[in-house]
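Participant: I would like the atomic coordinates for the input below:
(one chain, ligands or ions: 1)
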Amino acid sequence: METGRFRHLPGRNFSLKIGALTLPNPVFAAPMAGITDKAYRILARRAGCGFVSTEMVSSEAILHGNRKAAGLFDLEGEPEPVGVQIFGSDPGKMAEAARVAASRGAALVDLNMGCPTPKIVKNGEGCALMRDLPRAAAIIRAVREAVSVPVTVKMRKGWDAREVTAPELAALAEENGADAVAVHGRTRDQFYGGKADREIIRLVRRAVHIPVIGNGDIFSPQDALRMLEETGCDAVMIGRGALGNPWLFRRTVHFLATGELLPPPAPAERIGLALSHLDLFLSFKGEKTLPQMRKHLTWYLKGLPGAAQKRAAINAARTPDEVRALLLAYLKEMSLSSLSPL
Ligand SMILES: Cc1cc2nc3c(=O)[nH]c(=O)nc-3n(C[C@H](O)[C@H](O)[C@H](O)COP(=O)(O)O)c2cc1C
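Facilitator: Below you'll find the predicted structure:
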């Protein structure tokens, strides 16, 4: 049985302050490109997650009035607060983009200093800023001066094993007015390989006074508790663990608040939510975007009896109605199989 300091939380204030923003709990949804769109964010919030933000949006694209970029931070019709994450390497443009995001309802502006993708880092953006600390500091300062909403910085452990700059960047972030930092415990050259390092998050925690959000490899409520206990961080951020599994937010919040582990969702619940996610997704993006939704469906069904066959049928289906019919039939099958015999 897991125990820990978070067991004393029931009855205490479980909320977290990031600047002037008070969040109901310390469990964040990690920004993920191509995934954390409006439908995902709404479902994550319904599942009890304390804070959601958009995927990274290019500051240059925001300033050029690019339609796709504008769509990425269209926050219309979703519950507040929502953060907007921006990336770029020019302090003035980042400040201007932050101002645009705040004027469109961003409750917080998060600065991406962790993206490892070659096409981003070759422009001096994302994780490349972890090896250009004066520029990183200038960006944070410029954004801080440009907006009144909280400003946060999301970073990795560093560039590689020789350039582990997270504690230094976090201290610079605090000095230049950031309200919190999120740290993914991998270096840029690890991408998503190996294990996320929790020790670096402990070192960042010791380097600053602002809240630190620990991120990397949280796949269960117990992983979240370990992250909080071992690093002393103030909040956790969950990315891949919640794919097709938004229940992880509720189960984690509940576990941290009470020490009680809720059971994972039943197969029928998973299929039911896949259907709701499909409808929400298509209602925002249009029926033609079905192909972009398939990955979510695969994640929801992963590990269920007969999932491989169902996935193949769903991938072969041409229209949203065909997919709905397949999911409904599967839901019926799973609901019947879960009834106990008399
Ligand atoms: C498909 C995918 C897209 C991502 N996109 C972003 C992004 O837009 N901005 C960002 O800061 N991090 C992004 N990340 C990194 C995650 O936010 C997170 O730091 C990382 O996945 C580690 O957390 P996890 O182990 O809980 O998944 C992305 C990760 C994945 C898997």
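Participant: Surely A128 is within a strand?
Facilitator: No: membership of A128 in a strand is not supported by DSSP: H, G, I helix; E, B strand; the rest coil, which gives helix.
Participant: Name the nearest residue to it, sequence neighbours excluded.
Facilitator: Spatial nearest neighbour of A128, excluding adjacent residues (CB to CB, 6 or more residues apart in numbering): V121 at 4.1 Å. C-beta coordinates here come from the backbone N, C-alpha and C atoms, glycine included.
Participant: measure the one you found to G303 for me?
Facilitator: According to CB to CB, to the nearest Å, V121 stands 35 Å off from G303.
Participant: any residues touching the helix or strand harbouring Y330, and which ones?
Facilitator: Using DSSP states H and E, Y330 sits in helix 320-337. For helix 320-337, contacts defined as CB atoms under 8 Å, 6 or more residues apart in numbering pick out 266-268, 271-272, 274-275, 278, 282, 287, 290, 297, 301, 304-306, 310, 313-314, 317.
Participant: Which one of V121 and G303 is surrounded by more residues?
Facilitator: Between V121 and G303, counted using other CB atoms under 10 Å, the more crowded position is V121 (19 against 11).
Participant: Spit out the contact partners of the closest residue to the ligand within the chain.
Facilitator: Here the chain gets closest to the ligand at one residue, G239, 2.7 Å apart by CB to the nearest ligand atom. G239 makes contact with A29, A30, M32, N215 under the criterion CB under 8 Å, 6+ apart.
Participant: just those that are near the ligand?
Facilitator: When contact is defined as CB under 6 Å from any ligand atom, the contacts of G239 meet the ligand at A30, M32, N215.
Participant: neighbour-wise, which of these leads?
Facilitator: Using other CB under 10 Å as the neighbour test, those are led by N215, with 26 neighbours.
Participant: excluding its backbone neighbours, what's nearest it?
Facilitator: In this structure, N215 finds its nearest non-sequential neighbour in M237, 3.9 Å apart by CB to CB, 6+ apart.
Participant: Which parts of the chain are strands?
Facilitator: All strands of the chain, identified by DSSP state E, fall at 16-18, 21-23, 27-29, 52-58, 82-87, 108-113, 151-158, 180-187, 212-215, 235-238.
Participant: Switch those over to JSON lines; also include mean pLDDT and distance to P221.
Facilitator: JSON lines is the format used below for the strands of the chain (pLDDT from 0 to 100; distance: least, CB to CB, whole Å):
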{"stretch": "strand 16-18", "mean pLDDT": "96", "distance to P221": "17"}
{"stretch": "strand 21-23", "mean pLDDT": "97", "distance to P221": "18"}
{"stretch": "strand 27-29", "mean pLDDT": "98", "distance to P221": "10"}
{"stretch": "strand 52-58", "mean pLDDT": "98", "distance to P221": "19"}
{"stretch": "strand 82-87", "mean pLDDT": "98", "distance to P221": "23"}
{"stretch": "strand 108-113", "mean pLDDT": "99", "distance to P221": "24"}
{"stretch": "strand 151-158", "mean pLDDT": "99", "distance to P221": "23"}
{"stretch": "strand 180-187", "mean pLDDT": "98", "distance to P221": "19"}
{"stretch": "strand 212-215", "mean pLDDT": "98", "distance to P221": "14"}
{"stretch": "strand 235-238", "mean pLDDT": "98", "distance to P221": "10"}
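Participant: I'd like to know which of those lies nearest to R41.
Facilitator: With CB to CB, the closest approach to R41 among those belongs to strand 52-58: 4.2 Å.
Participant: Which strands and helices lie in contact with that closest one?
Facilitator: Packing contacts for strand 52-58, counted by 3 or more CB pairs under 8 Å, 6 or more residues apart in numbering; DSSP states H and E, involve strand 27-29, helix 38-46, helix 67-72, strand 82-87, strand 108-113.
Participant: how about it against the ligand, any contact?
Facilitator: Yes: residues of strand 52-58 are located near the ligand by CB under 6 Å from any ligand atom, namely E55, M56.
Participant: thinking again about what came up before, give the contact list for the residue nearest to N215.
Facilitator: Contacts of M237 (CB under 8 Å, 6+ apart): F28, A29, A30, A182, I213, G214, N215, I218.
Participant: Give me every residue in this protein lying close to the ligand.
Facilitator: With CB under 6 Å from any ligand atom as the criterion, the chain meets the ligand at residues 30-33, 35, 55-56, 85, 112, 114-115, 154, 184, 215-218, 238-241.
Participant: what about burial for those, which qualify?
Facilitator: Buried subset of these (neighbour count, 16 or more other CB atoms under 10 Å): 30-32, 35, 55-56, 85, 112, 114-115, 154, 184, 215-218, 238-239, 241.
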